[in-house]
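> Whatever this is, show me its structure:
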Amino acid sequence: MKQEAAFFENHEPILIYIAKKLRDAQRLEGVLAEAGVDYGVEADEYRGGVVFMSTRIGAFFYVLPEAVTAAREAMERAGFKPYLEPVGER
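Have a look, this model is predicted:
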């Protein structure tokens, strides 16, 4: 279920996916809702491109730490590749 920012207060949400296209964001919302996973989503900037790097806007999906495994499993079943934080980033 999609949650508001207040749901994540006093918690450290985990980034699970950056949707670069609206249809991917909408489909992922359906996948997470169907799996019963509480999630938050917000628009934010990311850097993209190979030859011509640029700043773009994407939909960043977050879950609470205890929901990471269920969210990633649901995403993988639906063909999404979950975001995995690079080692040493935290």
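
> in the protein, which residue is closest to the centre?
Centroid check for the chain by C-alpha atoms, centre = their mean gives Phe61 as the closest residue, at 2.4 Å.

> Just the residues contacting the lowest-mean-pLDDT helix or strand in the chain, thanks.
None of the helices or strands of the chain scores lower by mean pLDDT, DSSP states H and E than strand 40-48, at a mean of 93. With C-beta atoms under 8 Å, 6 or more residues apart in numbering as the test, strand 40-48 has contacts from 2-5, 7-8, 13, 18, 20, 25, 29, 53-63. (Glycine included, C-beta is placed from N, CA and C.)

> Among those, name the buried ones.
Buried residues within the contacts of strand 40-48, counting neighbours by 16 or more other C-beta atoms under 10 Å: Phe8, Pro13, Ile18, Ala25, Glu29, Gly58, Ala59, Phe60, Phe61, Tyr62, Val63.

> Can you list which of those are found in strands?
In this view, those that belong to strands under DSSP state E are Ile18, Gly58, Ala59, Phe60, Phe61, Tyr62, Val63.

> Enumerate the positions of stretch 61-74 that are buried.
Of the residues in stretch 61-74, those buried (16+ other C-beta under 10 Å) are Phe61, Tyr62, Val63, Leu64, Ala67, Val68, Ala71, Arg72, Ala74.
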